[in-house]
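Q: Just the structure for this:
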Amino acid sequence: MASYDFTETLNAIKPFVPPNLQRPRVGIICGSGLSGLAGSLRDSVTVDYKDIPGFAKSTVPGHKSSLAFGFMGSGNGVPVVAMLGRFHPYEGHLLSSVVYPVRVMARMGVKHVFITNAAGALNPALDVGTIVVVQDHIALPNLTGLNPLLGPQSIDPERVYPRFLPLSDAYSRSLRKLVFHAANALSLPSNTLGEGTYAWVSGPTYETPAEGRFLRAAGADVVGMSTVPEVVVAKEEGMEVLVLSLVTNKVVVLEGYKSVREEVEAEVSGKPIPAVVNETVSHEEVLAIGSLKGDVMKMLVEKVVDLL
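A: Residues are numbered from 1 along each chain as shown. Coordinates of the predicted model:
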């Protein structure tokens, strides 16, 4: 369990940020290849994670390591803080370090947290490039011993937290409605958005076909290696949560096993059958789709902020 010193962290950030941006209302966590969301910020300033006590370093390609502060939306705008790069347990970070920036956002005054991620589609109806408005999650790590709320409740002596946190309303319905209102206002095609359940897996390996079938059968529409720890802690801190998952690839889910025995027997009999080509996914294609669809995500988030 990492130690928390929120006062030290906030005092370190303060000299970098002008007074009118020190109480952001919205916090944004940018997923793989989606740090371009910061391009919507006006009068922006950035603070490197290395200058912030308690913050780790993001080591994943497509993630930067800085906080960006600025205004978003029309008129005078809404003060926003954005994480340009998140932390994952698979990098070796403690879960308490993964979620520490969310707790810091809460102490800055953030009321709404928008979390974005790149995800693989389990639901065959979801095309690559679809932005899924997440309504629920399945978190196998949470259920099997990798929950960010495990341990003594000594996070902040000035706050009282529930020992047993309900998550049935973790994903704000009002914020989800705003996303669809925003898409309508922007005249985006109807297939731009989808709705679904996000499955959190620890990574860093992509799922095997059997694991993909398992998660699909459990009711998951998309799968990824992040987000849920931040959702859980944001809910614990009393913030409203919105999650947008950009489908960057289709999860390899084989519909039927192609028998190796049958393939060999066919070869031996002189009547070979077409060889099976193994499909794979890569982080490079995740980043490519993130870059391609980043502007749409940016427009949506900016419009939702405008509608708050």
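
Q: What are the boundaries of the helices in the stretch 151-300 of the chain?
A: 173-185, 209-218, 228-236, 260-268, 283-307 (DSSP state H, counting those that start in this stretch).

Q: deepest of those helices, which one?
A: Neighbour counts (mean count of other CB atoms under 10 Å) averaged over each of those peak at helix 228-236, with a mean of 25. The way it works is simple: take the backbone N, C-alpha and C, and place the C-beta from them, glycine included.

Q: list the helices and strands that one packs on?
A: helix 95-98, helix 100-108, strand 112-121, strand 131-139, helix 140-143, strand 193-200, strand 240-250 (3 or more CB pairs under 8 Å, 6 or more residues apart in numbering; DSSP states H and E).

Q: how does it look with 7 Å?
A: Packing partners of helix 228-236 (3 or more CB pairs under 7 Å, 6 or more residues apart in numbering; DSSP states H and E): helix 100-108, strand 112-121, strand 131-139, strand 240-250.

Q: Among the helices of the stretch 151-300 of the chain, which comes closest to Thr46?
A: helix 283-307 (16.8 Å; CB to CB).

Q: quick check: mean pLDDT across that closest one?
A: Average pLDDT, helix 283-307: 79.

Q: Tabulate the helices of the stretch 151-300 of the chain (a markdown table), appending distance to Met72.
A: Conversion of the helices of the stretch 151-300 of the chain to a markdown table gives the following (distance: least, CB to CB, whole Å):
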| stretch | distance to Met72 |
| --- | --- |
| helix 173-185 | 13 |
| helix 209-218 | 34 |
| helix 228-236 | 19 |
| helix 260-268 | 54 |
| helix 283-307 | 5 |
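
Q: Grab the nearest non-local neighbour of Ser74.
A: Asp306 (5.5 Å; CB to CB, 6 or more residues apart in numbering).

Q: Next one, pLDDT for Tyr4 please.
A: pLDDT, read off for Tyr4, is 72.

Q: ok, it - how many residues close by?
A: 16 (other CB atoms under 10 Å).

Q: For the closest residue to it other than its chain neighbours, the count of nearby residues, please.
A: Leaving aside its sequence neighbours, Tyr4 sits nearest to Ile155 (CB to CB, 6+ apart; 5.8 Å). Neighbour count of Ile155, defined by other CB under 10 Å: 20.

Q: For Leu167, see how far away Ile155 is.
A: As judged by CB to CB, to the nearest Å, Ile155 and Leu167 stand 18 Å apart.

Q: same deal with Val305?
A: Where Leu167 is concerned, Val305 sits at a distance of 25 Å (CB to CB).

Q: residue contacts, Arg107?
A: Arg107 makes contacts with Phe6, Leu10, as judged by CB atoms under 7 Å, 6 or more residues apart in numbering.

Q: Hmm, I typed the wrong one, I wanted Phe180.
A: Leu193.

Q: cutoff 8 Å now
A: Applying CB atoms under 8 Å, 6 or more residues apart in numbering to Phe180 gives the contacts Val133, Leu193.
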